[in-house]
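[1] Fold the following, please.
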Amino acid sequence: MDAQVRDPKVKAKDLLPTGVVPAIFYGKGVKNQELQVNYQVFRKAYKLAGGNTIIELKVGEKETLNVLIHAVQYDPMTSLATHIDFINVKMDQEIHTEIPVKFVGTSKAVKDDSGTLTTMHSFKVKCLPKDLVHEIEVSLEPLVDFHTNIFVKDIVAPKGITILNHGEEVVATVIRPREEKVEAPVVAAVAATAEGATPAAGAAPAAAAAAPAKKDKK
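    Here you go, the predicted model:
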């Protein structure tokens, strides 16, 4: 991805309308650089690379930097990128990052028993930059019922990658569907003059029949 050195005198609010996004490059042992990139070029690269794939950032004609997209800020109204953080990557040193989880296959508990799948979105990992992968696949086939879980300790990481999440963390599970409560129908009480008897047609309601008679005034 091409980048240019940014003129610090030009404000971000003046760059953005021209389709250019301000950025910064930094990292251990390197000098910070204020940069700028074309928005459309960045958008396409970020869609493919995400935050866990090494990008060769070409600054001008002479310098090429190995970077990860460490953070992106967005305009809350337009959802467009307004600032990018590129972090330096040394190819001979381990990095700590996150790799998205890609779930494959079908869970019987979801397909046949209408359960709800809940999953972990990414793994925290460490590895050399050359061993980074775009995603780690996890099969849902083991989830055959509501008592089965897939744990971090069950995952075989790609070669060169160490997953840092605790082994007992749940990667995927299926929750039993909620059972709808069926309310009992409300049956209107039928007043009867005697227990078990059915009042005759036209008979006065029991409440009225049971009302005490008014005493005549003397």
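[2] mind checking how far F123 is from V104?
    15 Å (CB to CB, to the nearest Å). C-betas here are computed from N, CA, C, even on glycine.
[3] neighbour-wise, which of these two wins?
    Shown here are F123 and V104; by other CB atoms under 10 Å, F123 has more neighbours (24 against 9).
[4] what bridges to that one?
    Beta bridges link F123 to I99, judged by DSSP bridges.
[5] mind listing what it touches?
    98-99, 101, 136, 152, 155, 157, 163-165 (CB atoms under 8 Å, 6 or more residues apart in numbering).
[6] 10 Å instead?
    52, 97-101, 135-136, 138, 152, 155, 157, 161-165, 169, 171 (CB atoms under 10 Å, 6 or more residues apart in numbering).
[7] Okay, it and L140: tell me how far apart.
    16 Å.
[8] what distance separates the longest strand anywhere in the chain from the centre of its chain?
    Longest strand of the chain, by residue count under DSSP state E: strand 63-74. From the chain centre to the centre of strand 63-74 is a distance of 22 Å (CA atoms, centre = their mean, to the nearest Å).
[9] Output the contacting helices and strands for the helix or strand that comes right after it.
    Downstream of strand 63-74, the first helix or strand assigned by DSSP states H and E is strand 81-88. Secondary-structure packing of strand 81-88 (3 or more CB pairs under 10 Å, 6 or more residues apart in numbering; DSSP states H and E): helix 12-15, strand 20-26, strand 33-38, helix 39-49, strand 55-59, strand 63-74.
[10] quick one: strands adjacent to the second one?
    In this case it means strand 20-26. Going by DSSP bridges, the partners of strand 20-26 are strand 33-38 (antiparallel), strand 81-88 (parallel).
[11] K130: what's its closest spatial neighbour, skipping adjacent residues?
    M91 (6.5 Å; CB to CB, 6 or more residues apart in numbering).
[12] quick one, domains of this protein?
    2-88, 95-175 (automatic domain parsing).
[13] first vs last residue of the first one, how far apart are they?
    Meaning domain 2-88. Terminal residues of domain 2-88 are spaced 15 Å apart (CA to CA, to the nearest Å).
[14] Over it, what's the mean pLDDT, rounded is fine.
    Averaged over domain 2-88, pLDDT sits at 92.
[15] name the helices or strands packed onto the helix or strand hosting I150?
    Using DSSP H and E, I150 sits within strand 149-151. Strand 149-151 sits against strand 170-175, with contacts defined as 3+ CB pairs under 10 Å, 6+ apart.
[16] Residues contacting the strand it packs on, please?
    Residues contacting strand 170-175 (CB under 10 Å, 6+ apart): 101, 103, 107-110, 113-120, 123, 136, 138-140, 142-155, 163, 165.
[17] Just the ones of those residues in strands?
    101, 103, 116-119, 123, 136, 138-139, 149-151, 163.
[18] Any chance of a ChimeraX selection covering the buried ones in those residues?
    Isolation of the buried members of those (16 or more other CB atoms under 10 Å) is achieved in ChimeraX through the command below:
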select :101,103,123,136,138,150,163
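[19] Let me have the ones in strands among the contacts of strand 170-175 in TSV, extended by distance to K130.
    As requested, the ones in strands among the contacts of strand 170-175 are exported to TSV (distance: CB to CB, whole Å):
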residue	distance to K130
V101	21
F103	26
T116	38
L117	33
T118	33
T119	28
F123	18
I136	16
V138	23
S139	26
N149	33
I150	28
F151	28
I163	18
